[in-house]
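Student: What would the 3D arrangement of this be:
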Amino acid sequence: MSMFGPPKPVYEIMFTKYAGNDGRMDAHEFQRLCFGLGYALTDEEQALALKVLDADGSGMLELAEFKDWWKREDRWESIQLQGFELEKRKQAAETFNQFDPDRTGSVDKANFPALYNDLKAKNLTHHSQEKAMENLDASGDGRIQFKEYIEYLKSQGTFTYGK
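Tutor: Next comes the predicted model:
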């Protein structure tokens, strides 16, 4: 029996190599990882990728979030956006940020009524405010993360590309 145990999975090795001392990966560290693997992301792609991959809205990637992305077969395609896709994400991020004034990466219950009114004005929901919150808050944590917002827009047919 080996004293060292089984080898660490590749995703864990990559995460550890590029993550900060706090065991989390910020946007700059994620961009360095991508570049180190031969995928040069623009600043816009990197910022949007982090918003999408950061499931808990902390502004940082934790190992579990990184693992979810790493195990995707389309991991690179999922974060490299071109033309129309990039423009739609930028528009969505700008709209989302209007309702996330503290830039926490999520819209809380206090700011949700304004987001709800925006969705109604754009005919993206016909539900009550309570039901709309339920529809958008896939994790059920009482906050809408950018990733949940994008998934909701996709479900409404606003985004017709990607997975």
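Student: mind giving me the domain ranges of the protein?
Tutor: Split into domains by automatic domain parsing, the chain comes to 10-70, 83-155.
Student: mean confidence score for the longest one?
Tutor: Read it as domain 83-155. Per-region confidence: domain 83-155 scores 86 on mean pLDDT.
Student: repeat for the shortest one
Tutor: Averaging pLDDT along domain 10-70 gives 86.
Student: picking that back up, as JSON lines, the domains of the chain with mean neighbour count would be great.
Tutor: (C-beta placed from N, C-alpha, C; glycine too.) Listed next are these as JSON lines, based on neighbours: other CB atoms under 10 Å:
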{"stretch": "domain 10-70", "mean neighbour count": "17"}
{"stretch": "domain 83-155", "mean neighbour count": "16"}
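Student: which stretches of this protein form strands?
Tutor: Listed in chain order, the strands of the chain (DSSP state E) span 106-107, 144-145.
Student: export the domains of the chain to CSV and tack on distance to Trp76?
Tutor: Shown next, in CSV, are the domains of the chain (distance: least, CB to CB, whole Å):
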stretch, distance to Trp76
domain 10-70, 6
domain 83-155, 14
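Student: all helices of this structure, in order?
Tutor: For the chain, the helices defined by DSSP state H occupy 10-18, 27-36, 43-53, 63-70, 83-98, 112-121, 129-136, 146-155.
Student: Just the angle for the longest one relative to helix 146-155, thanks.
Tutor: For helix 83-98 and helix 146-155, the angle between their directions (axes from the mean of the first three to the mean of the last three CA atoms, to 10 degrees) works out to 120 degrees.
Student: could you dump helix 83-98 to PDB, C-alpha only?
Tutor: Provided in PDB are the C-alpha atoms of helix 83-98 (Å, rounded to 0.1, in the frame of the first residue of the first chain):
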ATOM      1  CA  GLY A  83     -20.500  37.900 -31.600                       C
ATOM      2  CA  PHE A  84     -24.200  37.600 -30.900                       C
ATOM      3  CA  GLU A  85     -23.700  35.400 -27.900                       C
ATOM      4  CA  LEU A  86     -21.200  37.800 -26.300                       C
ATOM      5  CA  GLU A  87     -23.500  40.700 -27.000                       C
ATOM      6  CA  LYS A  88     -26.500  39.000 -25.400                       C
ATOM      7  CA  ARG A  89     -24.500  38.100 -22.300                       C
ATOM      8  CA  LYS A  90     -23.200  41.600 -22.000                       C
ATOM      9  CA  GLN A  91     -26.700  43.000 -22.200                       C
ATOM     10  CA  ALA A  92     -27.900  40.500 -19.700                       C
ATOM     11  CA  ALA A  93     -25.000  41.300 -17.300                       C
ATOM     12  CA  GLU A  94     -25.700  45.100 -17.700                       C
ATOM     13  CA  THR A  95     -29.400  44.500 -16.900                       C
ATOM     14  CA  PHE A  96     -28.600  42.200 -14.000                       C
ATOM     15  CA  ASN A  97     -26.100  44.600 -12.500                       C
ATOM     16  CA  GLN A  98     -28.800  47.300 -12.400                       C
END
